[in-house]
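S.K.: Predicted model follows, preceded by the sequence.
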Protein chains: 2
Amino acid sequence: MEQARGWWMEPSPASTVVAVDSSTVLGSAKMGPNRPGRGAHVATASFMVDPRHGGRGVGRALGEYVVDWARTTGYRSIQFNAVVETNQVAVRLWRSLGFDVLATVPEAFDHPQHGLVGLHVMFLDLKGA
Amino acid sequence: MEQARGWWMEPSPASTVVAVDSSTVLGSAKMGPNRPGRGAHVATASFMVDPRHGGRGVGRALGEYVVDWARTTGYRSIQFNAVVETNQVAVRLWRSLGFDVLATVPEAFDHPQHGLVGLHVMFLDLKGA
């Protein structure tokens, strides 16, 4: 548990939230600057959803929270560095929130079922006209 | 100095080298897996060259070392996550070593002279036919 704290809970200005159903944790997101210093106006985030609670909109709720958080905090954009291309649920979800695939890094993820698959770099402009 | 050690010198399997001219450190590169776990077959690296020793091929020597190191260590590819698009010296150098620009994240770097400029994701396949 203390190990998980260090791995998932980052110091400020990063932030971590959980999605709960009464006292059950359904998932979590962590968010913060994608880079330090002169790249710190681009946000990033990571997500976990308990697979026993998939299909209930947990990922969408966390994703919408992150977009609102980034916009409110004053970030110019959000970058996801590594979305597994075969994870259609995630790719569709991020697209539905306005993210585009900027690039796919070929064979960058060793998927337990599919072998080497690409990782999408996904991007949402928050300041665009 | 101890702070620099923690920031630049990463634990194994990462590696750090310096370029020297007799006892003068001209530059340094650190290299290692770009991601943990199922993405650890893609390498990445960061570079510093003392600006007082620019134009002497220090960056090229470090870049060639990193490519050789990654190939020898068994990485499938190398990904640079954030090459400043206005840094023509770096972009040209990485292209000359075989890297391609996979994508440019728009306005992701707040350049002290040029304002908001893009960050290239650059990629070199080490296993291609």
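M.R.: Thanks, I have the structure now. Numbering: from 1, shown residues only, chains lettered A, B, ... in the order given.
S.K.: Flag every residue of chain A that's near chain B.
M.R.: Within chain A, the positions adjacent to chain B are A:34-35, A:38-39, A:41-42, A:76-77, A:79, A:81-82, A:102-112, A:116, A:119, A:121, A:123, A:125 by C-beta under 8 Å from any C-beta of the partner chain. The C-beta positions use only the backbone N, C-alpha and C, and glycine is treated the same way.
S.K.: buried subset of those residues?
M.R.: Using 16 or more other C-beta atoms under 10 Å in any protein chain shown as the burial test, the residues of chain A next to chain B include A:34-35, A:38-39, A:41-42, A:76-77, A:79, A:81-82, A:102-110, A:119, A:121, A:123 as buried.
S.K.: any low-confidence regions in chain A?
M.R.: A:1-7, A:128-129 (pLDDT under 70).
S.K.: Mind naming the longest helix for it?
M.R.: Criterion DSSP state H: the longest helix present in chain A is helix A:58-73.
S.K.: tell me the secondary structure for whichever residue of chain A sits closest to chain B?
M.R.: Relative to chain B, the nearest point of chain A is A:Ala103 (3.2 Å; C-beta to the nearest C-beta). Secondary structure assignment for A:Ala103 (DSSP: H, G, I helix; E, B strand; the rest coil): strand.
S.K.: which ones are touching it?
M.R.: Contact analysis of A:Ala103 by C-beta atoms under 8 Å, 6 or more residues apart in numbering or on different chains lists A:His120, A:Val121, B:Leu102, B:Ala103, B:Val121.
S.K.: try 6 Å
M.R.: Applying C-beta atoms under 6 Å, 6 or more residues apart in numbering or on different chains, we find A:Ala103 in contact with A:Val121, B:Leu102, B:Ala103, B:Val121.
S.K.: can you give me phi and psi for A:Arg38?
M.R.: phi -80, psi 0 (degrees, to the nearest 10).
S.K.: ok, what's across the strand from A:Gly27?
M.R.: Taking DSSP bridges as the rule, A:Gly27 bridges to A:Ala19, A:Val49.
S.K.: burial count for it?
M.R.: 20 (other C-beta atoms under 10 Å in any protein chain shown).
S.K.: quick one: it and A:Arg56 touch, right?
M.R.: No - contact status for A:Gly27 versus A:Arg56: not in contact, 9.4 Å apart, counting by C-beta atoms under 6 Å.
S.K.: Residues contacting stretch A:87-101, please?
M.R.: Contacts for stretch A:87-101 (C-beta under 6 Å, 6+ apart): A:Gly59, A:Arg60, A:Gly63, A:Val67, A:Val83, A:His120, A:Met122, A:Phe123, A:Leu124.
S.K.: let me redo that: stretch A:34-49
M.R.: So stretch A:34-49 is contacted by A:27-31, A:33, A:58-59, A:62, A:66, A:70, A:75-79, B:108-110 (C-beta under 6 Å, 6+ apart).
S.K.: cool, and stretch A:114-122?
M.R.: So stretch A:114-122 is contacted by A:80, A:82-83, A:85-86, A:94, A:99, A:101-111, B:103 (C-beta under 6 Å, 6+ apart).
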